[in-house]
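J.: attaching a predicted model along with its sequence, questions to come.
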Amino acid sequence: GESVGLHLPTLSVQEGDNSIINCAYSNSASDYFIWYKQESGKGPQFIIDIRSNMDKRQGQRVTVLLNKTVKHLSLQIAATQPGDSAVYFCAEKGGTGFQKLVFGTGTRLLVSP
Amino acid sequence: GAGVSQSPRYKVAKRGQDVALRCDPISGHVSLFWYQQALGQGPEFLTYFQNEAQLDKSGLPSDRFFAERPEGSVSTLKIQRTQKEDSAVYLCASSVQGGGSPLHFGNGTRLTVT
């Protein structure tokens, strides 16, 4: 199938390791953030979201951290599995009155068995 | 339940042809978005509907691009007189409401203009 993200930054980990994917966002007025996972030939799949009044949110095996001071977002994946291999995008919504999500540059995660 | 459905999955057009891409959002979702994704890039916003109203079309790259959602459900993205630079994956997404709720994406239509 087609390949998403031929020249993206790549994070290579071993199965069972914890992974941390980072994202710098651009708009200090952004009030909502989402992490998406995209596999080859598929659309982005929602992983986890966080609002700007929070600094941490946990899901199943995933944690998102938000640092508004430095406009930084991270996604932590615990006990990474080969099925986690994909391109990961962060996206931000630019404050009240804005509806669209703006996507950042993706990161390719490669998980070796 | 059914997710966002897009058709066709692949489309090859000769330069100058018109194309129409269809999106069936999740039932009951008020908001619908179109994005364009070039190879190796993140999705780029094209346009946004709330029900049948097109509230933001600031991302449409030229007047050759036109989108509609006449009954507030199915949407069509039309590209007239296609050019090679239009080659990309076109993604549709819907959400329960506008910003502040997750967008659910379809698998896209890959358009190749030859």
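T.: Structure's in. What do you need?

J.: model confidence for the residue most central in space within chain B, exactly?
T.: The residue lying closest to the centre of chain B (C-alpha atoms, centre = their mean) is residue B:34, at 3.4 Å. Per-residue pLDDT puts residue B:34 at 98.

J.: chain B contacts on chain A?
T.: Counting by C-beta under 8 Å from any C-beta of the partner chain, the residues of chain A lying close to chain B are A:2-8, A:31-32, A:34, A:36, A:41-46, A:49, A:51, A:89, A:91, A:93, A:98-106. All C-beta atoms are positioned from the backbone trio N, CA, C, and that covers glycine.

J.: how about the strands in the chain?
T.: Reading this off chain A. Along chain A, the stretches classed as strands by DSSP state E are A:10-14, A:19-24, A:32-38, A:45-51, A:56-58, A:62-67, A:72-77, A:86-93, A:101-103, A:107-112.

J.: nope, chain B please
T.: With DSSP E as the criterion, chain B has strands spanning B:5-7, B:10-13, B:19-24, B:31-37, B:44-50, B:53-56, B:65-68, B:75-79, B:88-95, B:104-105, B:109-113.

J.: of all those, which lies closest to chain A?
T.: strand B:104-105 (3.5 Å; C-beta to the nearest C-beta).

J.: tell me where the model's unsure across the chain.
T.: Assuming you mean chain A. Residue ranges of chain A with pLDDT under 70: A:1-7, A:96.

J.: meant chain B actually
T.: B:1, B:98-99.

J.: just the buried ones from the residues of chain A next to chain B?
T.: Among the residues of chain A next to chain B, the ones that count as buried by 16 or more other C-beta atoms under 10 Å in any protein chain shown are A:4-5, A:8, A:31-32, A:34, A:36, A:42-44, A:46, A:49, A:89, A:91, A:93, A:98-104, A:106.

J.: contact residues of chain B facing chain A?
T.: Listed as neighbours of chain A in chain B under the rule C-beta under 8 Å from any C-beta: B:4, B:31, B:33, B:35, B:39-45, B:48, B:50, B:55-56, B:59, B:91, B:93, B:98-100, B:102-108, B:110.
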